[in-house]
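Asks: sequence and predicted model, in that order:
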Amino acid sequence: MGLIRRLRITQRAMERAMLGVSLRDQIRNEEIRRRTRVTDIAQRVAKLKCKWAGHVARRTDGRWGSKVLEWRPRTGKRCVGRPPTRWTDVIKRVAGSRWKQAAQDRGFWNSLQKTYVQQWTSIG
């Protein structure tokens, strides 16, 4: 969540710099976004993440990308508190625990992509 927020803040600062607008001018973010016609960075990141997950799930050549998704570290003692969110946890929330099988069908995976982008960007 913090990463999404920081990316959006940085993008807004860059858009203001592109237009030569200061924060003192008190122009709303929606107006700046309309003028620059730049897509939201959080939506772009979510879309690319979903595309990459589908690509990795469809690969069958045994490269390390899919192995990393399956890997569970053995550190012995667990930390106190909630475990950190893994890369695939949000994908599993949208596509289900059998997301790798769902990714094999490109048409279905592309339809899930919109849902994933909406859910991922609503977090931030």
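Replies: Okay, I see it. Numbers count the residues shown, from 1 in each chain.
Asks: burial measure for Ala95, as a count.
Replies: Neighbour count of Ala95, defined by other CB atoms under 10 Å: 24. Backbone N, C-alpha and C define where each C-beta goes, glycine included.
Asks: pLDDT score for it?
Replies: Note on Ala95: pLDDT of 83.
Asks: tell me the spacing between the spatially most central residue of the chain and Tyr116.
Replies: Centre of the chain computed as the mean C-alpha position; nearest residue by CA atoms, centre = their mean is Ala46, 2.8 Å away. Here Ala46 is placed at a distance of 6 Å from Tyr116 (CB to CB, to the nearest Å).
Asks: re the thing from before, the residue nearest to the centre of the chain sits in which helix or strand?
Replies: Per DSSP states H and E, Ala46 falls inside helix 41-58.
Asks: got the buried residues for that helix?
Replies: 41-42, 45-47, 49-50, 53-54, 56-57 (16 or more other CB atoms under 10 Å).
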